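[1] Pasted the sequence and its predicted model underneath.
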Amino acid sequence: MVREKDNIDVQGALTEIKRLEREVRLRGHWIGWLWFMMGVVIAAFGVLAPPVTTGWLQYVVTLAVPVLGIFALFFAARQQVVSRVNQWIQYPVTWIFCGFVLVDVIFRLSMHPDHLSIWVVILGVLPAIPCWYAAWRVWRS
């Protein structure tokens with residue numbers, strides 16, 4: 001069925017375009033929340049990862065990362081609008097994130113920390129920093 005459109009003036013058309021651009025931009029901000037939550041989960045995992053935690057908390061921390069990762073994949077696949085900023089920033093942030101995780105893994109494998117120290121906290125939070133930066137950039141756009 002063909003629908004007749006209302007005739008609008010130039011100012012009305014520009015206002016409508018600006019409204020739609022803002023709506024699309026705001027709908028693209030969901031990826032900022034995804035980056036933010038990834039940073040929170042990775043920081044919690046990095047600081048509380050076994051063998052720092054014991055008992056039931058060890059299982060919760062260990063299972064939280066893959067469960068939230070799967071949730072994030074499903075969530076990302078269902079979104080219809082992706083931010084231009086995210087398209088530009090996702091690969092550099094991902095590579096920096098992987099590098100920081102590698103540094104953390106090498107530290108844990110070579111030093112075998114068995115208690116919570118300042119280095120465990122710093123290196124545990126380090127991989128989350130690129131995620132938080134990406135969230136900030138997406139939200140700023």
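    Now that the structure is in, tell me what you want to look at.

[2] mind listing what's buried in the helix or strand hosting Ala134?
    Using DSSP states H and E, Ala134 sits in helix 128-140. Across helix 128-140, burial judged by 16 or more other Cβ atoms under 10 Å covers 128-135, 137-138. Where you see a C-beta, it was placed from the backbone N, CA and C, and this is true even at glycine.

[3] SS state for Tyr86?
    Residue 86: Asn, not Tyr. Here Asn86 is recorded as helix under DSSP: H, G, I helix; E, B strand; the rest coil.

[4] Please convert the buried residues of helix 128-140 to TSV, extending it with distance to Ile96.
    Formatted as TSV, the buried residues of helix 128-140 follow (distance: Cβ to Cβ, whole Å):
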residue	distance to Ile96
Ala128	11
Ile129	8
Pro130	4
Cys131	10
Trp132	12
Tyr133	9
Ala134	10
Ala135	14
Arg137	13
Val138	16
